[in-house]
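K.L.:
Here is my input, please return the structure:
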Amino acid sequence: MGTQGVTGRPPLVSIEHVSQSFGSVRAVEDVSLTICEGEFFALLGPSGSGKTSLMRMIAGFGEPDRGRILLAGEDVTRVPPHKRPVNMMFQNYALFPHLNVFENVAFGLREEGVPKPERSARVDEALRLVQMQSYAARRTQALSGGQKQRVALARAIVKRPKLLLLDEPLAALDRRLREETQEELKHLQKSLGIAFLVVTHDQDEAMMMADRIAVMSAGRVLQIGTPADLYERPVSRAVARFIGDANVIEPEIRAHLDGRALVAVDGTPFEIATGSVRDFAIGVRPEKIRVLEPYVSVPGSVTLDASVEQRLYRGDVTELRVRTAHHVWRAAILNASRRTGFMPEPGERIRIAFAPDDAMVLPE
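P.N.:
Residues are numbered from 1 along each chain as shown. Sure thing, here's the model as predicted:
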């Protein structure tokens, strides 16, 4: 492996062909990935996908059956947690109820024998970064969920790790506070320059915060990329369905050309770029589908006759469930355009259209 990571920064964590089993259950299967210095990286997947098992091995709370883990170029596969330049913020925060906020944050430094003047200065700095200085003398039982989360974060960063691990860090917060904290975490991570690794099942959370995301399923990594890469260029149907919403349609494949294919949906032919892929579905995001009155055509687009089966108001968008000759589609209309745009009722005949370039090629 070279000295520069995939982001142009040096690699901090290198996972090399790591596997782990619990009895007959394969939790992690031949995973390889790199996390770079100063990167915000997310492991994203449903429950049982292996993301937490992988994070615990990076922290040192589990060992792989095969493969190795390197931190800053050093093999730490068998190194105990306290000897790794890593700190972990647990989902339940694990604060000490008998200690106040300042004492909770200072606990790890005190155990390491850091002198009191330096300890106090570093705790003050950590509390300032998470905007909890005024709560230093308060007991943790008197804090809200969001405040406890900030204290746990201060305790994690006060030891100045090279890598901070966050296990579902925002799961206990309500939606509004969760969204605010996502922005704060992203800003804090950039200002500290520490690499963050977050484990989450929430795709919106990962897309909002992470520089890159590894999508996991059944112990394997399906794809690694930026949020835009995963959304616009998923490599499989599973990734397309997990990252955002997608209409996944099985087209009629009529001919393979030079890196392209002639396909048809509901009898309507069009060409798409396929590279070397020969067996595939197509995916079209709901917001890429135009909803038209039944007599309207869009030159250069794939246009299909349809009928509206259902209309769902979702605040920023209205989602339509529509049926063409052989498929059911979802289309999203921005509600900001409701007054001037076409908004059909259930039962109405319409047309839907999408650009061939907006059809994603999705192998199995």
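K.L.:
Just give the closest residue to I35, not the sequence neighbours.
P.N.:
V13 (4.0 Å; C-beta to C-beta, 6 or more residues apart in numbering). In this view, the C-beta of every residue, glycine as well, is placed from N, C-alpha and C.
K.L.:
Quick check: the gap between the one you found and N92.
P.N.:
24 Å (C-beta to C-beta, to the nearest Å).
K.L.:
Report the beta-bridge partner residues of the spatially closest residue to G8 that is not a sequence neighbour.
P.N.:
With sequence-adjacent residues excluded and distances taken as C-beta to C-beta, 6+ apart, G8 is closest to C36, at 7.9 Å. Taking DSSP bridges, one finds P11 as the beta-bridge partners of C36.
K.L.:
how much space between C36 and G193?
P.N.:
Counting by C-beta to C-beta - C36 and G193 are separated by 12 Å.
K.L.:
The two: which has the busier surroundings?
P.N.:
Ranked by neighbour count (other C-beta atoms under 10 Å), C36 and G193 place C36 first, with 19 against 9.
K.L.:
Surely the more buried one and S14 touch.
P.N.:
No. With contact defined as C-beta atoms under 8 Å, C36 does not count as touching S14 (10.1 Å).
K.L.:
Can you name the helix or strand that the residue nearest the centre of the chain falls in?
P.N.:
Centroid-nearest residue in the chain: A206, 2.8 Å away (criterion: C-alpha atoms, centre = their mean). For A206, the host element (DSSP states H and E) is helix 203-209.
K.L.:
Can you tell me what sits against that helix?
P.N.:
40, 42, 44, 170, 178-179, 182-183, 185-186, 189, 196, 198, 200, 213, 227, 230-231, 242-244 (C-beta atoms under 8 Å, 6 or more residues apart in numbering).
K.L.:
A136 - how many residues pack around it?
P.N.:
17.
K.L.:
go on, the one 4 residues further on?
P.N.:
The number of residues packed near T140 is 20, by other C-beta under 10 Å.
K.L.:
Check Q131 too.
P.N.:
With other C-beta under 10 Å as criterion, Q131 counts 13.
K.L.:
Could you verify that it is part of a helix?
P.N.:
No. Assessed with DSSP: H, G, I helix; E, B strand; the rest coil, Q131 is coil; it does not lie in a helix.
K.L.:
residues in contact with the closest residue in space to it that isn't next to it in sequence?
P.N.:
Nearest residue to Q131 in three dimensions, chain neighbours excluded: R150, at 6.9 Å (C-beta to C-beta, 6+ apart). If you count contacts by C-beta under 8 Å, 6+ apart, R150 has them with 130-132.
K.L.:
Need the three-state assignment for R150.
P.N.:
Quick answer, by three-state DSSP: R150 is helix.
K.L.:
Show me where the chain dips below the pLDDT cut-off.
P.N.:
By pLDDT under 70, the weakly predicted segments of the chain are 1-7, 91, 172-173, 337-341.
K.L.:
Could you check how far stretch 182-201 is from the centre of its chain?
P.N.:
The chain centroid and the centroid of stretch 182-201 are separated by 12 Å under C-alpha atoms, centre = their mean, to the nearest Å.
K.L.:
ditto for stretch 33-45
P.N.:
10 Å.
K.L.:
Just the buried positions in it, please.
P.N.:
Buried residues in stretch 33-45, counted by 16 or more other C-beta atoms under 10 Å: 33-45.
K.L.:
Of those residues, which is the nearest to E293?
P.N.:
L44 (39.2 Å; C-beta to C-beta).
K.L.:
quick one, what contacts that closest one?
P.N.:
Counting by C-beta under 8 Å, 6+ apart, L44 has contacts 51, 200-201, 203, 206, 213-216, 242.
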